[in-house]
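Colleague: need a 3D model of the sequence below.
(3 chains)
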Amino acid sequence: MMMPGKYLTFINRFSKTGQTGLIIVGIVFFMAIFAPLISVHSHKLSSGPPLSSPNGEHILGTDELGVDLWAQICFGSRISLVIGMGTALLAGSCGGLIGVLAAYSGGMTDRILMRIIDIITVLPDLPVMIVLAAFFGPGLINIIIVLSLFSWVATARIVRSQVLQLKEQLYIKSAETYGAGTWYLMKRHFLPEIFPLVAVSMIRLTGKAIVAEAGLSFLGLGDPASGSWGLIIHHATSFTGIYYTNFWKWWLIAPWIALTLMVSSLAFISRDFERFADPRMDRRKNRYQKQ
Amino acid sequence: MIFFQGKKSRVIEYLFTIWVIFTLNFFLPRTMPGDPFLFISADEEGEEVAQFSEEQRNYYMAYYGLDRPLYSQYFSYFSDLSKGYLGYSLYYNQPVTIILLHRLPWTLCLVMTAVILSTVIGIVLGGFCAVYADRWEDRLLYFMLIAISEIPAFLVGLVLLFFFAAGMGLFPLSGAMTHFSGYDGFMEKTGDILHHAALPVIALTLTRISGIFLLTRSSIITVLTKTYIKTARAKGISGQRIFIKHIFRNAMLPIVTRVFLSLGSLVGGAILVENVFAYPGLGKLMRDAVMMHDYPLIQGIFLMVTISVLSANFIADLVYKKLDPRISDAAAADGH
Amino acid sequence: MLEIKDLTVTYHTNTSLVCAVNNVSFSVKKGESVGIMGESGCGKTTLAMAVMGLIQDADISGKILFNNDNLLAIPEKKLNQYRWKKIAIVFQNSLEVFNPVLTIGEQIIEPMRTHAALSLKKADIRMRYLLELTGLDPEWANGYPHQMSGGMRQRALIAMAISCDPKFLIIDEPTTSLDPESRDSILRLIKELQKRIGFSLIMISHNLSALREMTSTVMTMCCGQIVEQGITADVMRNPMHCYTRGLIDASPDFFKYKDLWGIRGTIPQNTQSNGCAFYSRCCQAGENCKNQRPILQYVSVERKVACHKGGIETLLEVYGIQKTYLLKDRKIPAVKDVDLNIKSGEIVALIGKSGSGKSSLAHILVNLLSPDKGEIFFMGKKVKGFKVTKKIGGMQIVFQDPFSSTSHRMRVLDVVNEPLDIMKWKTAEERNIKSMAAISMAGLPCSDDFLQRYAHTLSGGQRQRLSMARALVTGPRLLIADEVTSMLDPSSSANLLRELKGLQNIHGFSMLYITHDFHLARKVANRAYVMSEGRIVESGPSFEIFERPVHPVTISLMNSSFSKKEQKKRKKG
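Modeller: The predicted structure is shown next:
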């Protein structure tokens, strides 16, 4: 159990942008969890005149079928979070494990894993995702799997190089001379060093996955039943005549802002986390080391 | 790097990766769940529903040769590839290769311009900020670019589209050229093309700049702390020469890698941005092909894009080796 | 040629100001070689950087005059006319000292093209000539820095430095991380080049023997200040600042046999204090040293020292001591005309066979015997009676025989308390505390049980430690240790001696270590006197006396210290 004061000092370590990011992500979580409570209208059924601009009844207006946009944004946040966190957990944990495995076992296993990582790294991810989504069909689980398939390599690469570097550290070697076993080394030395790295890359992956899902949905390749933010944008941009009316001012901008804020917030948080994980990355400190 | 060593082995490595991609491409339609050709589009809009007619179904069965044994399918797949034959698009009623060659220049144009612009601007701004690190100009630029960097290109594209094209009418809404217009001359045509390409290029460039900027900035700041910069200054050679030969030459190394290696994600961005602006490149084609379930076309684009990105990476390797003498020596030392 | 006046370089860090070079003045004449020594972080390299005009992000004040042009007043662009052409530098060798992506040749050519305006072809020819001159294969012109070994890189650095025939060369740590053989050849190379080109030289190093070989005058830097300056050979043989002596003491090049002990303490973080830079680590620091900065001034011919005490103090001066025992009308001369001096913070060994008069001399020093003739001065004042032994911070003696020197009927704590009790120092409570501190300092347990034990229950080693504690409790400036280990077994003796030396290093007292054991003396002494038949027959720093003894007595002492087998080995070796 952490004391509230501890939370406060932890939050204080974040930069201003990082703190803003934390607040925004917190709000999105809140929206996702309490979506049915904070939105009066249905997010699927028509509840008013189509294409009405924001008013007292529909604070963000409605789309072409008269569905409340605020409700859609609230429920859409669930999709973004599920996709983001699902991918991050799956890819982060697999990537971490594979990275440790490659570095620790070395030899042939390492070579084969590295070759696979190399191949996936050079493949351009979005086109391949489109192809996979096209062949395997849309659906949340499919999208998470497809996204994870491409995302684990970055984590694995970082973790592997970190473990390799750690293996060479003299304090690890000296622990070995004291008779430390693999389990002890993992628990005492490797995991504490690796965990922050995996955490940072998981936050990064969350942002990347949300963006990728939005991109696929925007192309019309997402789960058509999901109602994600990307899908709202897709509907809005596919609406004939969107350019010649004022509808985009609420229909398009609401999901756009939601996505942008979410992704930027995650990026700011991960930037701060990176600084915690590796004090050397603090750009202000670096300046002083120069002398 | 680990599997094989030396210059030749790098080539072998790339060939191996290409083979993997070809094979992946071969197996994709064959591992689809259920019967792919009974696929019914789930697009709820109902605009581009593509249900396969009996004729289409028969064509696909024949094209993929699904009635023949796997090895013979695999063999004929490669023999088709070696002839440059990527299949026939039923929707466009044209060989895939021809369609691709027709669309490729547009995408290439967008991507190349965005790469060049973002690299040049990123390096200039990054260099400026590195020299004036921690002044207010630096902090402002740093913050702005970090803020922009995280917004994906297609979202930036959407904003540009709605503000500058739909809202202000400064730029055309879609396409790469004005339809049905007889151009009066080369200049007018070029102008029109540039006019159409401007927003997509800006969208792609804006999102790429910050990466290059941050890297240039940190890279130059790091190089500035190195002893060899002190050596160079002590030698009393001109500041210009120090900057070009000693600072920039070394700071360039990570930038070169980044520029080439980020091509993959840039292509991804381009696919989305093309769809935002209905720009007739490979990205737009890819989406259309997916909507039409035009499998040979999808596969053709996939191959084209992946192979291009791979080639870019290969070039990056070669360039890097030229720029950094330590790399080739390390490889040689490993490979003995 | 180069004259530095009141140079001060101050860096700003986020919290404080760091004064890397503090009010330094010196000059280097044409063709002269000047060495700068000091620990890492003492400001040596900053000084070199300042001369090259390479310091950024720092405040610089003072003057750097090169042929009467003030380099600090010259704008950066014009400074380039001085750099390399007139003043060149050989940076401390590291992989990053060369640009990793340019060939060695390109980097050597670079300054020649700028300063000598040579055509590419001429510059190339000269570059190859320079490589050959510095002992490198000209083929290296096309090599890259990472392909070279450390020694080769050092040569390439030198080749680059002399490419424009500089009038002045600064060399920063030319020998670090080189093996002895390459080290010697690099030093030879620099010497040869200096003869050929005739540049003045500033050599910065913490390798003292390299400085001794290469330079004619030498300066010691401590926390950005110059604390001693003089002719290299003199300074090395007879350092007059405690810091310089500490540096020399810590060099195995000088003391081959002595145990290694560094200067106690570390470089103080706060260099902003107004006092002496060495204050916190000095063995003779006084009150004014804390608050007032000493000025570098002449203390003798060709020697400047920055110390309020005028350099290392002489604690004990002994002139013309004579002592003759009268035994039934027979005169037995024990001590004949002995002169002796002991400086603060040093260990002086007094070596001699039994019966040579060492112990008599020791007893005379503490006034247990009165001399027939001669005078003793302690801290500049003539010694009368027990004046110096009955005070805090005076002179104390530890005797050879631990059993007779402490009363077996007294309890441990009382033994140590005794001198304080006699001096009536403060309260009983405070005496106990001080004694307990001394007891644990001497390596004895401080439990109540032990403190109340009678001295006769202790072993020989423990009793010797007890008498040490008794001597140390008065915080002596000078400790006379008269054969303190001779009655102990080798292990106890080794423990005791090491602890004694450790205490000396921490507390900075001086010690006269009287022994007949040549080997033990070599392990601890900075200086040595050899005594035979009541006379001092030879004296000098231990790196001379133990390696190149001159007097037959010393030679025979040395020879008898080595067993015959060893002597044979030595001859063969």
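Colleague: what are the buried residues along the strand or helix carrying B:Phe128?
Modeller: Assigned by DSSP states H and E, B:Phe128 belongs to helix B:96-131. By neighbour count with 16 or more other Cβ atoms under 10 Å in any protein chain shown, helix B:96-131 contains the buried residues B:96-97, B:99-100, B:103-104, B:106-107, B:109-111, B:113-115, B:117-119, B:121-123, B:125-130. No exception for glycine: its C-beta is placed from N, CA and C like everyone else's.
Colleague: now that helix: mean pLDDT?
Modeller: Taken as a whole, helix B:96-131 has an average pLDDT of 90.
Colleague: any weak-confidence spans in the chain?
Modeller: Defaulting to chain A. Scanning chain A for pLDDT under 70 picks out the ranges A:1-8, A:277-291.
Colleague: oops, wrong one, chain C.
Modeller: C:268-273, C:563-573.
Colleague: again with the stretch 51-200 of chain B
Modeller: Using pLDDT under 70, the stretch 51-200 of chain B drops low at B:51-54, B:56-57, B:60-61, B:64-67, B:179-183.
Colleague: please report phi then psi for C:Thr8.
Modeller: When read as degrees, to the nearest 10, the backbone of C:Thr8 gives phi -130, psi 130.
Colleague: let me see the contact set for it.
Modeller: C:19, C:21-24, C:59-62 (Cβ atoms under 8 Å, 6 or more residues apart in numbering or on different chains).
Colleague: could you turn the buried ones of those residues into a ChimeraX selection?
Modeller: Restricted to buried positions by 16+ other Cβ under 10 Å, the ChimeraX selection for those reads:
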select /C:19,21,22,23,24,62
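Colleague: okay, among the contacts of C:Thr8, which ones form the most distant pair?
Modeller: Farthest pair in these (Cβ to Cβ) is C:Val24 and C:Asp59. Separation: 14.5 Å.
Colleague: which residue ranges of chain B form strands?
Modeller: In chain B, the segments counted as strands under DSSP state E are B:88-89, B:94-95.
Colleague: give the buried residues for stretch C:140-155.
Modeller: For stretch C:140-155, a neighbour-count test (16+ other Cβ under 10 Å) marks C:140-141, C:143-148, C:151-155 as buried.
Colleague: could the residues you listed go into JSON lines alongside secondary structure and distance to chain A?
Modeller: Converted to JSON lines, the buried residues of stretch C:140-155 look like this (DSSP: H, G, I helix; E, B strand; the rest coil; distance: Cβ to the nearest Cβ, whole Å):
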{"residue": "C:Trp140", "secondary structure": "helix", "distance to chain A": "31"}
{"residue": "C:Ala141", "secondary structure": "helix", "distance to chain A": "32"}
{"residue": "C:Gly143", "secondary structure": "coil", "distance to chain A": "28"}
{"residue": "C:Tyr144", "secondary structure": "coil", "distance to chain A": "25"}
{"residue": "C:Pro145", "secondary structure": "helix", "distance to chain A": "22"}
{"residue": "C:His146", "secondary structure": "helix", "distance to chain A": "20"}
{"residue": "C:Gln147", "secondary structure": "helix", "distance to chain A": "23"}
{"residue": "C:Met148", "secondary structure": "coil", "distance to chain A": "24"}
{"residue": "C:Gly151", "secondary structure": "helix", "distance to chain A": "26"}
{"residue": "C:Met152", "secondary structure": "helix", "distance to chain A": "27"}
{"residue": "C:Arg153", "secondary structure": "helix", "distance to chain A": "24"}
{"residue": "C:Gln154", "secondary structure": "helix", "distance to chain A": "26"}
{"residue": "C:Arg155", "secondary structure": "helix", "distance to chain A": "29"}
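Colleague: who's in contact with residue 166?
Modeller: You didn't say which chain, so I picked chain A. So, once contact is read as Cβ under 8 Å, 6+ apart, A:Leu166 ends up touching A:172, A:189-190, A:193.
Colleague: the intended chain is chain C.
Modeller: C:84-88, C:197, C:199.
Colleague: now A:Leu97
Modeller: So A:Leu97 contacts nothing (Cβ under 8 Å, 6+ apart).
Colleague: mind redoing it with 10 Å?
Modeller: A:152, A:155-156, A:159, A:198 (Cβ atoms under 10 Å, 6 or more residues apart in numbering or on different chains).
Colleague: please apply the same query to A:Trp251.
Modeller: A:51, A:53, A:60-64, A:69, A:72, A:232-233, A:235-237, A:239, A:242, A:245.
Colleague: show me these that map onto helices.
Modeller: When the contacts of A:Trp251 are checked against helices (DSSP state H), the matches are A:69, A:72, A:232-233, A:235-237.
Colleague: buried only: go through the residues you listed for me.
Modeller: In those, burial by neighbour count holds for A:69, A:72, A:232-233, A:235-237, counting by 16+ other Cβ under 10 Å.
Colleague: the residues you listed also near chain B: which ones?
Modeller: A:233, A:235-237 (Cβ under 10 Å from any Cβ of the partner chain).
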